[in-house]
Every structure is written in structure tokens, then in C-alpha cells.
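what's the 3D shape of this:
(2 chains)
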Amino acid sequence: MHKTTLEFLKAGLQTRIQDMGRPNHRAQGVSIGGALDQSSATTANRITGNDPGSPVLEITILGPGIQFTGDACLIAITGADMSPTLDGKQVEMYKPIRVAPNSILAFGRLKSGCRGYIAVRGNWQVRRWLDSASATFQDLPEITPDSFIAKGGLIDILHSGKFTEDMDLRPERPIFSEHQIIRVLPGPEIEMFSQKALDTFFALTHTITPASNRWGYRLSSHIPMQNPGQEIISSGVFPGTIQITHSGAPIILMADAQTTGGYPRIAVVMSADMDKLAQAKPGDALSFRLVEQREAI
Amino acid sequence: MTISPFGDSAVLINFEQIIDAKINARVIALSNTIMSAMIEGVTFCIPAYCSITVGFNPGQIKYSDLVKKINACHLNDTDHIAKAIPRKINIPVCYDEKFAIDRAYVMHQTGLSWKEIIDLHTSIEYRVYMLGFIAGFAYMGTLPSPLQCSRKDTPRMDIPAGTVGIAGLQTGIYPTRAHAGWQLIGRTPIPVFDSKAKDPFLFRAGDMVRFYEIDREKYEATTKEVESGKFDMKNFVKRG
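Numbering: from 1, shown residues only, chains lettered A, B, ... in the order given. Take a look at the predicted model:
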């Protein structure tokens, strides 16, 4: 058995371990969590030969600095382009990277997207909760202490030491735009909104505000309500649900959101568009295009 | 009961939109029937006060087939309702000033003395209507109407686990350290959430909960029992 240790010389802005989250405990109020851009996360794992749902590092806007010690290992980087370098030399994303002992992986300028993913081939020796290594929300790092990356943190990864380097997925690499058109379906409370409010919602270009994170994206726009402050009896929500808050501001719920909510749900993002939404960052623009329900199901 | 699409990978089952124990019992029965039916392609089920959100994988099951299966579950859930005997859970609460951070506000808003507030809060059994907000948070009702208080405009940060709050006609216990928007009136020493336990959540929708008052001494003694591992939750929970 070979062992590689990742030592974090720099934490980055928000570096977390994520996998496919905890889908089975919503009835108990547990948010699903997991990698926001699931296709980038699973692609990174596929390149290294890991199971698609294995843990990855999710890095956001500003990447970490990582020194690899122990045995040589195989990694892959996908998602947002943060100008990755290995020992100062630029490395390719979306293809296997062999990392020699004591090499340092670093990141630079964010060129596109918002969230990058680093897969490392092997078995990650990190504590899990409810069958997932994903960092828990609620500011409770003690439940998944290994998954909140801090400067000086270590992750041990066990592997066979054997790997092939021929899985080149560069042709699958998506392009991330700073103005995305997101397809949505009507939400359960769409009829609580006037035609004028709906026209505004669908005509506007919305800006993602800095108060946006893995819990949800708050948009800068204002959607006039017929009865401002009207609430519904708390009902289920999930990533992609768009609520209009009392102030008229839309919030798109993301993976760390709560399981129920009381704000009117105006629309729901099509599941196929969630991964590209995950690559939108504060300051980026979004437009919504309404898709008829019968087209979608 | 109506079933309608909720995005491309969930359905929303709505019952009459009121907060009512009988309707909530139907929600829980149908939700349990759907979960135990193990329908292929169903990814999650969120029972709430008077609705259920059921997630599905469109690659595994079509919307129209899922609706048929849910309707079939609905025909079979009457037994569930008849047989459902709720668990009864007794929760000790210390209403001491140290824990009742919003004591003054609640007294002012209700016009009641602190003793009257405690007597009212401990006077009835509450139903756990649903879990939500954060992991393991149980929404309980219905609070006696004289205790009705508004929520805080700005939530308090980092409230300790076990803090008991009220808002509107609801009461609840913060299961973990959390941001609390409710008015805080006490704290329980018993763990309602234990991340290390096999089943980390004390409450389930449909449980009946009764609060009783304990003093600071008893609070500290129970806290010590919890910390030393001597505490036994069985003494507080009666199986249905």
C-alpha cells in the first residue's frame, strides 16, 4: 500500500472536501450538501480512476497551496480555471497529472468559473458523517473536522501506487460564461406573482451579490409582490428552488440550503443547469428562461 | 390532496393548506408509506406541515408513473394512520434567567409573569409537525395563544445547543449551535442531536412532546450525566 499526504501550505478562500453529499436525511432537516458542480467533481474522479462519488477538494475563487509528500500519486483538476501550477510549471486541467513526492500544487488568477475540483487517486483517510465526507454546513466543523481545510491541515490518501495516465477528458471541458442563461420551470407559488412581477423576473439580467455562497445565491434584483411579506406554510425546498424573500430579492437555494422554507417559490432551476449555475460567482449575471413543464417531463 | 410537478425532478403533494394535527398525521402516514414502498428512482421525501416534496430521478422513473405509485400509496396509508401511536417524549427545561435570554421581551410582549409563561409552556403536549431549518430541528405546536410572540428581526448568532425558543404558535429546541430567530426562553440539558449516535436525531415527525421545569441544580446534574456518558435517553422517551 502506498501513501500520499497532502499538506496545505495555504488554505485558499473556501477549500472543502465534498462528495455527493447526504441525500437520505432530508426528512430530518439535513441539507444534501456535496459538490456544487457535480459533473466537474465526478469528471475529476473519473480521470484518476476513482469512483465518481469519491471525495474531492472543492476550491472556490482563490485556490490553496498543497505540498504532496510520501509516495508519488495521480491527481486531476477540473471545473473553474484558477491557473494551476505544479512546482511553478503550468499544468493541464481535465487530464491525469502525475505528482512526484514533495511537489507543490499552487493556483493563480481565476480565469473562468467559480469552483474547481481536485481529485486524488486512492482512498481518502477522512472522517465521514451519515456516509458522506462532505463538509457540513451550520458552522459545525466538529462533525466533519477533516473536511474544512485550514493552513497546515493534512489529508492522508492510501493507494496502490499503480495508475494509468491515459484518461484525457479535455474534449469534455465545459466553457463557463460570466452571463449565464438558466432554464427554469414554474415554481409551486408562481401564481402568487402578478404578470408584471413575472415579466420583471424573466426580463431582467440579475446580478449575483457578494452575499452568495453554497447555501444560496442572493440576486440583486427586486421582484414586486402583490402582497409583500406573504408567506406560505413551510414546505419542502431543494437546490435550484428560487424563492422571493420579503424584500423582493430572489434567492436561488444551493446544496447547503435548509430542507424547508416559507417564502413563495417562484421558479425551479432545471436540474441539467445546476452544474453551470455552480460556476457562477458573485458579480456574474444571470437570466432566466421559462421552460414549459410539459417540455421538461 | 393534489400532486403537481415541482421542477423536473420532484413532485409536490399538497394537502389542505392549514396547520392541523389530523392533516399532518395524513402527511406523515403517506410520507412513511412512500418511503417504505422503496419506489425505484425516488431520491428523497420531505414531509412538512401539510405537504410532501418527493424527489425523483427522471432517468429512472417517469413523472406520470411516480404519480400513479403515490396514488397507490395513498390508498394504502389509512392503516398507517389508524395504527400510528405517537412516541411520547418528556423534555426537562431550565427556564432560569441565564438561559432565558429573551425573558424580558417575552414578558413584555405577552403581558404575563415569568411563572405564568412557564406554566403555559409546560401545560400541554406538543406535536412534532416536521423537521427542518437545520439538522434535527423539530417544529412543535400548537403553543397556547397567550404565548404568541413575533420572531426576531435579526437572528442571534451562535446560540448553544439545547436552547428552547418560541415564535408565533410554535416552539422548538435548537439541536446544535445555531443562529436563532426565535425568542429564547430556556435550555434543556438533554441532547436532542448527537452526531456520533447511529441515529443522531431525537425527534421524528408525529412525536408528542411535553416540557417540564427543572432548576439550575438539576440542569447541571443532568449535564454532568450527559458528559460522563451515564445519561440514558430511554428514561425520557416512551415508545408508541
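
who's in contact with residue 86?
Because you didn't say which chain, this covers chain A. Residues in contact with A:L86 (CB atoms under 8 Å, 6 or more residues apart in numbering or on different chains) are A:97, A:99, A:103-106. C-beta coordinates here come from the backbone N, C-alpha and C atoms, glycine included.

chain B was what I was after
So B:P86 contacts B:127, B:206-208, B:240 (CB under 8 Å, 6+ apart).

need the contacts of A:L86 in TSV (columns: distance to A:G70).
Converted to TSV, those look like this (distance: CB to CB, whole Å):
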residue	distance to A:G70
A:I97	16
A:V99	10
A:S103	11
A:I104	14
A:L105	14
A:A106	19
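
for A:G248, what are phi and psi?
phi 90, psi 0 (degrees, to the nearest 10).

I figured it hits A:N227, correct?
No: under the contact definition of CB atoms under 8 Å, A:G248 does not touch A:N227, with a separation of 11.8 Å.

and residue 107, what pLDDT?
Using chain A. pLDDT, A:F107: 98.

nope, chain B
97.

mind checking the SS state of it?
helix (DSSP: H, G, I helix; E, B strand; the rest coil).

for B:W182, see how far away the closest residue to it other than its chain neighbours is.
Setting aside the residues directly before and after it, B:M107 is nearest to B:W114 in space (CB to CB, 6 or more residues apart in numbering or on different chains), at 6.1 Å. Noted for B:W114: a distance of 17 Å to B:W182, by CB to CB, to the nearest Å.

in the sheet, who's paired with the residue of chain B found nearest chain A?
Residue of chain B nearest chain A, by CB to the nearest CB: B:T53 (2.7 Å). Going by DSSP bridges, B:T53 is paired in beta bridges with B:L12, B:I46.

B:V93: neighbouring residues, count only.
By the criterion of other CB atoms under 10 Å in any protein chain shown, B:V93 has 25 neighbours.

check B:I81 and give its pLDDT.
So B:I81 comes in at 69 (pLDDT).

please apply the same query to A:D139.
pLDDT recorded at A:D139 is 65.

of B:W114 and B:W182, which one has the most company?
Counted by other CB under 10 Å, B:W114 and B:W182 do not tie: B:W182 has more neighbours, with 24 against 15.

how close does that one get to B:R127?
For B:W182 relative to B:R127 (CB to CB), the value is 17 Å.

pLDDT below threshold where in chain A?
A:138-139, A:228-229, A:296-297 (pLDDT under 70).

apologies, that question was intended for chain B.
Applying pLDDT under 70 to chain B flags the ranges B:79-82, B:240.

in stretch B:28-45, what's buried?
B:28-35, B:39, B:41-45 (16 or more other CB atoms under 10 Å in any protein chain shown).

ok so, going back, more neighbours: which of A:G248 and A:N227?
Under the criterion of other CB under 10 Å, the comparison of A:G248 against A:N227 puts A:G248 first, with 14 against 8.

and A:I143, what does it touch?
By CB under 8 Å, 6+ apart, the contact set of A:I143 is A:129, A:136, B:195.

still on that earlier bit, next, the residue nearest to B:M107: phi, psi?
phi -60, psi -40.

same check, this time on A:Q90
Phi and psi for A:Q90, reported as degrees, to the nearest 10, are phi -60, psi 140.

next one: it from A:A106, what distance?
For A:Q90 relative to A:A106 (CB to CB), the value is 11 Å.

which residues does the residue nearest in space to the middle of chain B contact?
When CA atoms, centre = their mean is applied to chain B, the residue found nearest the centroid is B:A138 (1.9 Å). Shown in contact with B:A138 (CB under 8 Å, 6+ apart): B:128, B:130-131, B:172-173, B:192, B:203, B:205, B:207, B:209.

let's see 7 Å
Shown in contact with B:A138 (CB atoms under 7 Å, 6 or more residues apart in numbering or on different chains): B:128, B:131, B:172-173, B:203.

tell me how many other residues crowd the residue nearest to it when sequence neighbours are not counted.
Distance criterion CB to CB, 6+ apart; nearest residue to B:A138, sequence neighbours excluded, is B:F203 at 3.9 Å. Neighbourhood size, B:F203 [other CB under 10 Å]: 26.

beta partners for the closest residue to chain B within the stretch 151-297 of chain A?
Relative to chain B, the nearest point of the stretch 151-297 of chain A is A:G236 (2.7 Å; CB to the nearest CB). Beta bridges link A:G236 to A:T260, judged by DSSP bridges.
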